[in-house]
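**Q** Sharing a sequence plus its predicted fold:
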Amino acid sequence: MAKRGVLTPQHEDFPRWYQDILNKAELADNGPVRGTMVIRPYGYALWERMQAEVDQRIKAAGADNAYFPLFIPESYLNRESDHVEGFSPELAVVTQGGGRELAEPVVVRPTSETIINAYFSKWVQSHRDLPLLINQWANVVRWEMRPRIFLRTTEFLWQEGHTAHATRQEARDYAAQILHDVYQDFMESVLAIPVLIGYKTEAERFPGAINSMCLEGMMRDGKALQMGTSHELGQSFAAMFDITYLDPEGNQAQVWQTSWGVSSRMVGGLIMAHGDDHGLVVPPRLAPVQAVVIAVRDADGVVDACHRLADALAADGIRARVDDRMGTGFGRRATDWELKGVPVRVEIGPRDLEQDQATLVSRIGEDKQIASLSEAPKSVGSLLDVIQQRIFNDAAAWRETHTAEVATIAEVMEAAATGFARIPWGKLGPEGEAVLAEDAVTVRCLQRADGSLPESGDELDLVAVCGRSY
RNA sequence: CGGGCUGUGGCGCAGUUUGGUCAGCGCACCUGCUUUGGGAGCAGGGGGUCGCCGGUUCAAAUCCGGCCAGCCCGACCA
């Protein structure tokens, strides 16, 4: 394992550890404008993998991709009162263009409900046009007070889904379908992060929504990270943007809507949910590089053997790369890949080659194992499966041991110092929520006692999961 | 925007109390040789108007004033 000093240990200074990882794993740099970030190739590769997996699930849920403009007329934002109140403090506004003052300022999109719904209004005329299911991949800008790379940046990357339905129930069901089939499935089966699902309290709700569902993950410091949201927008945007249609009986009706998104924040979640003192830990199903084949020494045939093995791995569908930087010592190269969290390292040196074998090393295991060169692709494949499962299990166990069932506000505060607290919502309520907020503890979500998603946030006997958050 | 801390080569820091002999260290980088099975060694080398502006002084990284930026803790949030 790497020598001490490569990274600040997590227990010593978690934020510093996070900064160290961003640098040492070559994920991102700060941009020149406060709050902006430069996403470096390896960090972007992680994001591209997330995009690919999420995009595939969104399409399976029936939504189509489209693209709407970056610039939105300021007046659009003003149409929905809760929406504008929620977003106006963090808007970036352009007042000049082509060297002249603009007649109407344009805002750089903080989210696209307004501009997309302005077009939904044109596109929806008949009940036959419903449901209308649109997604867009884009960058958005929110002038945040306290930026932090990947977690909360002035400009970030995301996907935002926007849909229109004939009935409230259909909209609600679709928002829940996205939550489960797209987000939860991706986060748990690919990112290997167990997520809590539930409803936001009224205090935490998205501006303009009638209900916000969310997915919350626990990081290695016990804090919560909101990994995604899916909102029921009700009919307020439909009213403001006049999205109406003729129903089968020939009556004018307004649509019911949803919006939902996940962002480049998930990269931060990935780092903080699995990373350890040796670096990033990337679950195999996400990993841009699942296996790196390292030529240990520059001896006869070693480098060639590495390339042949990498080709064989690729032929088995494994994302593999060769490290044959022979001018750099083995230890340095091994540490580099460890920092980047590559799940499996395959080492081939002269000693291995003599035995017609390769040495396999898991990022999260202690023991090295030997595989014959011909069997190596199969061995690596099954090792990747084992690693994927173990990363998820470890994260689930971590959350389990850092979650307490409590009955009083004092106990919530105590438990939130190190993790989550579950308390009956009936015992907390909006008043208790306000008390917790004074000490930066928030209700992350309201869910049923068994952890499942309620029909609404008003269902009886819900449990409030509380914690500190990013 | 409130509270705390900090600004010195790419990164991390020492030097500031007591102004001068102060542009220094580690890592990184470049060249050469030896190395390569867990961040290699030796030798040589390049790079900083000490955050910015102004003031005090014979003399400022160091003292004074103003400004700016960053980090951490809050309010906000994907």
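**A** Okay, I see it. Numbers count the residues shown, from 1 in each chain, chains lettered A, B, ... in the order given.
**Q** what ranges do the helices span in the stretch 1-150 of chain A?
**A** A:14-24, A:41-60, A:74-77, A:81-87, A:113-123 (DSSP state H, counting those that start in this stretch).
**Q** ranking those by mean pLDDT, which is last?
**A** Note on the helices of the stretch 1-150 of chain A: helix A:81-87 shows the lowest mean pLDDT, a mean of 81.
**Q** List of residues touching it?
**A** For helix A:81-87, the external contacting residues (C-beta atoms under 8 Å, 6 or more residues apart in numbering) are A:77, A:78, A:110, A:111, A:113, A:114, A:142, A:206, A:207, A:208, A:236, A:237. Yep, even glycine has a C-beta here, placed from its N, CA and C like the rest.
**Q** Can you pull up the most central residue in chain A?
**A** residue A:266 (2.4 Å; C-alpha atoms, centre = their mean).
**Q** Contact distance from RNA strand B - what residues of the stretch 51-200 of chain A qualify?
**A** By C-beta under 7 Å from any atom of the strand, the residues of the stretch 51-200 of chain A that approach RNA strand B are A:86, A:89-90, A:142, A:144-148, A:151-153, A:156, A:158.
**Q** Got a quick ChimeraX command for the buried subset of the residues you listed?
**A** Here is the ChimeraX selection string for the buried members of those, based on 16 or more other C-beta atoms under 10 Å:
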select /A:86,142,144,147,148,151,152,153,156,158
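**Q** Show me which pair in the residues of the stretch 51-200 of chain A next to RNA strand B is furthest apart.
**A** A:86 and A:148 (20.8 Å; C-beta to C-beta).
**Q** I'd like the contacts of helix A:81-87 as a markdown table, with distance to residue A:17 appended.
**A** Formatted as a markdown table, those follow (distance: C-beta to C-beta, whole Å):
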| residue | distance to residue A:17 |
| --- | --- |
| A:77 | 38 |
| A:78 | 43 |
| A:110 | 30 |
| A:111 | 31 |
| A:113 | 37 |
| A:114 | 39 |
| A:142 | 26 |
| A:206 | 31 |
| A:207 | 33 |
| A:208 | 37 |
| A:236 | 43 |
| A:237 | 42 |
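**Q** can I see the domain layout of chain A?
**A** Per the record, chain A has its domains at A:14-274, A:291-383, A:403-467, by automatic domain parsing.
**Q** Identify, out of these, the most deeply packed stretch.
**A** Most buried of the domains of chain A by mean neighbour count (mean count of other C-beta atoms under 10 Å) is domain A:14-274; its value is a mean of 19.
**Q** got the end-to-end distance for it?
**A** 13 Å (C-alpha to C-alpha, to the nearest Å).
**Q** so how far is that domain off the chain centroid?
**A** Centroid separation for domain A:14-274 versus its chain: 11 Å, with C-alpha atoms, centre = their mean, to the nearest Å.
**Q** Could you check the host helix or strand of residue A:390 against RNA strand B for contacts?
**A** Assigned by DSSP states H and E, residue A:390 falls within helix A:376-401. No. Remark: helix A:376-401 sits outside contact range of RNA strand B, by C-beta under 7 Å from any atom of the strand, the gap being at least 12.6 Å.
**Q** Just name whatever secondary elements the helix or strand following that helix is in contact with.
**A** Next helix or strand after helix A:376-401 toward the C-terminus (DSSP H and E): strand A:403-405. Under the contact definition 3 or more C-beta pairs under 8 Å, 6 or more residues apart in numbering; DSSP states H and E, strand A:403-405 sits against helix A:409-416, strand A:420-424.
**Q** With distance to residue A:32 as added columns, please give the ones you listed in a markdown table.
**A** Shown next, in a markdown table, are the helices and strands packed on strand A:403-405 (distance: least, C-beta to C-beta, whole Å):
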| stretch | distance to residue A:32 |
| --- | --- |
| helix A:409-416 | 37 |
| strand A:420-424 | 38 |
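**Q** any idea which of the ones you listed scores lowest on pLDDT?
**A** Looking at the helices and strands packed on strand A:403-405, the bottom one is helix A:409-416 with a mean of 91.
**Q** Just the residues contacting it, thanks.
**A** A:403-404, A:406, A:421, A:423, A:428, A:432, A:435-436, A:439, A:441, A:466-468.
**Q** ok, now with 10 Å
**A** When contacts are defined by C-beta atoms under 10 Å, 6 or more residues apart in numbering, helix A:409-416 is touched by residues A:222-224, A:402-406, A:408, A:420-423, A:427-428, A:431-433, A:435-436, A:439-444, A:464, A:466-469.
**Q** do the same with stretch A:39-51
**A** Under C-beta under 10 Å, 6+ apart, the answer for stretch A:39-51 is A:22-23, A:25-29, A:31, A:37-38, A:137, A:149-150, A:153, A:156-159, A:186-187, A:190-191, A:262-264, A:266-267, A:270-271, A:280, A:282, A:285-289, A:319, A:339-341.
**Q** so what's the backbone phi/psi at residue A:266?
**A** In terms of degrees, to the nearest 10, the main-chain angles of residue A:266 are phi -60, psi -30.
**Q** Please apply the same query to residue A:263.
**A** phi -130, psi -180.
**Q** Could you pull up the residues touching it?
**A** Counted by C-beta under 10 Å, 6+ apart, residue A:263 has contacts A:47, A:50, A:139-140, A:150-153, A:156-160, A:226-229, A:269.
**Q** Now with 7 Å, please.
**A** With contact set as C-beta atoms under 7 Å, 6 or more residues apart in numbering, residue A:263 has these partners: A:156, A:157, A:158.
**Q** what's the angle between whichever helix or strand the last one is part of and helix A:41-60?
**A** Which is residue A:158. Here residue A:158, judged by DSSP H and E, is contained in strand A:155-165. Orientation of strand A:155-165 against helix A:41-60 (axes from the mean of the first three to the mean of the last three C-alpha atoms, to 10 degrees) gives an angle of 0 degrees.
**Q** Packing partners of strand A:155-165?
**A** If contacts are counted by 3 or more C-beta pairs under 7 Å, 6 or more residues apart in numbering; DSSP states H and E, strand A:155-165 sits against helix A:41-60, helix A:113-123, strand A:132-141, helix A:168-177, strand A:256-263.
**Q** I'd like to know which elements the second one is packed against.
**A** With contacts taken as 3+ C-beta pairs under 7 Å, 6+ apart, helix A:113-123 sits against helix A:74-77, strand A:132-141, strand A:155-165.
**Q** then the longest one to PDB, C-alphas only?
**A** Listed next in PDB are the C-alpha coordinates belonging to strand A:155-165 (Å, rounded to 0.1, in the frame of the first residue of the first chain):
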ATOM      1  CA  GLU A 155     -21.600  25.900 -12.900                       C
ATOM      2  CA  PHE A 156     -22.400  22.200 -12.900                       C
ATOM      3  CA  LEU A 157     -23.400  19.400 -15.300                       C
ATOM      4  CA  TRP A 158     -26.600  17.500 -15.000                       C
ATOM      5  CA  GLN A 159     -29.600  16.000 -16.700                       C
ATOM      6  CA  GLU A 160     -33.000  17.500 -16.100                       C
ATOM      7  CA  GLY A 161     -36.200  15.600 -17.100                       C
ATOM      8  CA  HIS A 162     -39.400  17.400 -17.700                       C
ATOM      9  CA  THR A 163     -42.700  15.700 -18.300                       C
ATOM     10  CA  ALA A 164     -46.400  16.500 -18.700                       C
ATOM     11  CA  HIS A 165     -49.200  14.100 -17.900                       C
END
